[in-house]
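Visitor: structural data only, the sequence is not supplied:
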């Protein structure tokens with residue numbers, strides 16, 4: 001696909017090839033819509049099903065049956081007739097639905113009548129003292145190495161944080177033959193009281209049996225230290241030990257060569273934000289979620305958002321959201337009528353409800369503690385620009401009211417990640433300092449390009465006669 005010039009126009013363009021993107025592109029193509037799927041990776045699967053067509057993990061039990069469910073999605077997509085564009089970095093989407101994409105170092109513009117964003121989720125920032133030390137990484141990064149290359153870490157490994165992915169990775173590491181020295185569980189005890197109100201739906205959900213079995217297997221093999229209320233990584237040039245506190249007890253220390261951090265995931269909103277899609281603060285999932293209708297259409301005409309980018313719900317729900325978004329696109333483009341849409345959407349909606357059952361219990365149970373979301377003092381918040389929490393607090397005291405002003409004060413959020421690693425932390429830290437809610441602070445105002453692109457790529461883009469005339473006359 002490298003260097004190939006795509007058609008300039010499609011009925012539907014899907015961005016992201018995880019469960020939502022694969023399902024959306026497959027459904028749209030089968031409805032007779034000329035469909036393209038842009039995938040930043042070399043093979044389909046997204047983060048959930050990463051490298052599923054060429055995984056280096058030969059023992060299928062290591063990653064579990066839920067991972068291999070992705071094979072069906074990939075197989076269905078391959079036979080759908082949709083165009084597949086791997087290695088494609090989408091760096092711009094205009095309200096006119098013109099997409100800026102780079103493939104193999106060649107930038108080009110593609111237009112679509114309808115766009116479905118399936119950009120998935122990002123791991124929530126976990127800004128503790130020492131989190132930038134070599135030897136500290138996220139659980140998601142460790143899982144990527146396992147899925148794509150079959151690699152597990154050497155030495156003494158400690159997992160810390162909360163959320164289903166932490167337990168899943170622990171189980172996968174154990175099945176891969178790796179010993180885990182400890183799990184530091186930061187789940188606040190107060191969360192149980194809030195979550196228990198939503199226990200009945202969870203008891204009837206698909207999560208219960210799988211989750212209990214997985215956690216019991218891990219607890220039999222790993223030392224689990226609960227009620228961790230403070231945490232920091234220490235070492236001279238690289239990680240050497242983890243210092244933590246349990247409740248009101250004194251500090252304890254664990255030697256470690258690798259610390260894997262995780263405290264949940266949040267929607268990847270950067271591209272949707274740059275387009276101008278309206279977002280609202282979700283006080284349960286502690287993140288920005290797009291404002292969507294029943295077909296997952298956003299506030300921008302012709303742009304839908306499916307999967308975890310529409311709010312965290314998991315892989316099964318993501319695929320159903322993709323199918324619903326594709327039906328909504330077909331309805332908007334008048335390829336099906338309202339009666340056909342209503343008939344065809346009944347199945348996906350039923351499956352979506354089933355896959356989402358019990359989600360509120362998990363969201364409340366694994367809601368990260370404030371001290372692990374809002375750091376203090378010298379803890380680095382913006383890794384790209386090495387901006388600390390103390391610097392941000394000082395800027396707020398000088399009159400900085402939100403993340404966009406903070407860019408002028410400290411360049412916070414202006415590095416290569418464009419706020420992906422600090423955005424939520426910055427919003428909550430400013431809100432806490434000002435004594436207001438996060439929605440009063442807002443998020444970074446993002447503009448294209450939302451991903452790095454070279455000036456050479458921009459300069460080499462094909463130019464129409466109108467483009468040339470505009471420059472000459474100017």
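Guide: It's in. From a predicted model like this one, the values you see are computed outputs, not experimental measurements.

Visitor: so where's this protein shaky on pLDDT?
Guide: Residue ranges of the chain with pLDDT under 70: 1-5, 466-468, 470-474.

Visitor: what about 90?
Guide: 1-6, 55-56, 58, 105, 206-207, 209-210, 247-250, 415-418, 447-448, 451-474 (pLDDT under 90).

Visitor: got the domain boundaries for it?
Guide: 9-122+266-336, 125-263, 374-441 (automatic domain parsing).

Visitor: single out the most deeply packed of those.
Guide: Sort the domains of the chain by mean neighbour count, taking mean count of other C-beta atoms under 10 Å, and domain 9-122+266-336 sits at the top with a mean of 22. (Glycine included, C-beta is placed from N, CA and C.)

Visitor: can you list contacts of the helix or strand encompassing residue 362?
Guide: Assessed by DSSP states H and E, residue 362 sits inside helix 359-365. Residues outside helix 359-365 that contact it (C-beta atoms under 8 Å, 6 or more residues apart in numbering): 164, 187, 191-192, 194-195, 198-199, 201-202, 205, 207, 284-285, 312-314, 317.

Visitor: let's see that with 7 Å instead.
Guide: Contact with helix 359-365 is made by 164, 187, 191-192, 194-195, 198-199, 201-202, 207, 284-285, 313, as judged by C-beta atoms under 7 Å, 6 or more residues apart in numbering.

Visitor: specify the local secondary structure of residue 46.
Guide: Under the three-state scheme (DSSP: H, G, I helix; E, B strand; the rest coil), residue 46 adopts coil.

Visitor: please name the nearest non-neighbouring residue to it.
Guide: residue 18 (2.2 Å; C-beta to C-beta, 6 or more residues apart in numbering).

Visitor: now do residue 88
Guide: Nearest residue to residue 88, sequence neighbours excluded (C-beta to C-beta, 6+ apart): residue 38, at 4.3 Å.

Visitor: list the contacts for the one you found?
Guide: Applying C-beta under 7 Å, 6+ apart, we find residue 38 in contact with 13, 14, 15, 85, 88, 90, 101.

Visitor: go again using 10 Å as the cut-off
Guide: For residue 38, the contacting residues are 6, 13-17, 21, 25, 83-90, 99, 101, 103, 110, 115, 118, by C-beta atoms under 10 Å, 6 or more residues apart in numbering.

Visitor: among these, name the ones in strands.
Guide: Members of the contacts of residue 38 lying in strands (criterion: DSSP state E): 13-15, 83-85, 88-90, 99, 101, 103, 110, 115.

Visitor: distance to residue 73 added to those, as CSV?
Guide: As requested, these are exported to CSV (distance: C-beta to C-beta, whole Å):
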residue, distance to residue 73
13, 18
14, 13
15, 16
83, 17
84, 13
85, 17
88, 19
89, 22
90, 20
99, 23
101, 22
103, 23
110, 23
115, 20
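
Visitor: ok, of the residues you listed, which one's closest to residue 444?
Guide: Within the ones in strands among the contacts of residue 38, the smallest distance to residue 444 is 18.2 Å, found for residue 90 (C-beta to C-beta).

Visitor: where does residue 345 sit: helix, strand or coil?
Guide: helix.

Visitor: settle this for me: it is touching residue 31, isn't it.
Guide: No - applying C-beta atoms under 10 Å as the test, residue 345 and residue 31 come out as separate, 11.9 Å apart.

Visitor: overlap in contacts of the two?
Guide: 326, 327, 331, 336.

Visitor: any chance of the domains of the chain in JSON lines, plus distance to residue 351?
Guide: Shown next, in JSON lines, are the domains of the chain (distance: least, C-beta to C-beta, whole Å):
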{"stretch": "domain 9-122+266-336", "distance to residue 351": "5"}
{"stretch": "domain 125-263", "distance to residue 351": "11"}
{"stretch": "domain 374-441", "distance to residue 351": "30"}
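
Visitor: and these: which comes nearest residue 458?
Guide: When these are compared by C-beta to C-beta, domain 9-122+266-336 sits nearest residue 458, at 6.1 Å.

Visitor: span of the closest one from start to end?
Guide: With C-alpha to C-alpha, to the nearest Å as the measure, domain 9-122+266-336 spans 20 Å from end to end.

Visitor: partners of the residue nearest to the spatial centre of the chain in the sheet?
Guide: Nearest to the geometric centre of the chain sits residue 121, at 1.4 Å (C-alpha atoms, centre = their mean). With DSSP bridges as the criterion, residue 121 is bridged to residue 267.

Visitor: before we move on, what about residue 116?
Guide: Residues in beta-bridge contact with residue 116 (DSSP bridges): residue 14, residue 304.

Visitor: that one against residue 306, yeah?
Guide: Yes - look at residue 116 against residue 306 with C-beta under 10 Å: they come within range, at 5.7 Å.

Visitor: shared neighbours of these two, which are they?
Guide: Common contact partners of residue 116 and residue 306 (C-beta under 10 Å, 6+ apart): 14, 16, 20, 21, 24, 296, 321, 322, 325, 326, 328.

Visitor: who are the contact partners of the residue nearest to the third one when sequence neighbours are not counted?
Guide: It refers to residue 20. Nearest-residue entry for residue 20: residue 307, 2.7 Å, with adjacent residues in sequence omitted and distances by C-beta to C-beta, 6+ apart. Applying C-beta under 10 Å, 6+ apart to residue 307 gives the contacts 16, 18-24, 46, 48, 116-121, 267-268, 296, 313-315, 317-322, 325.
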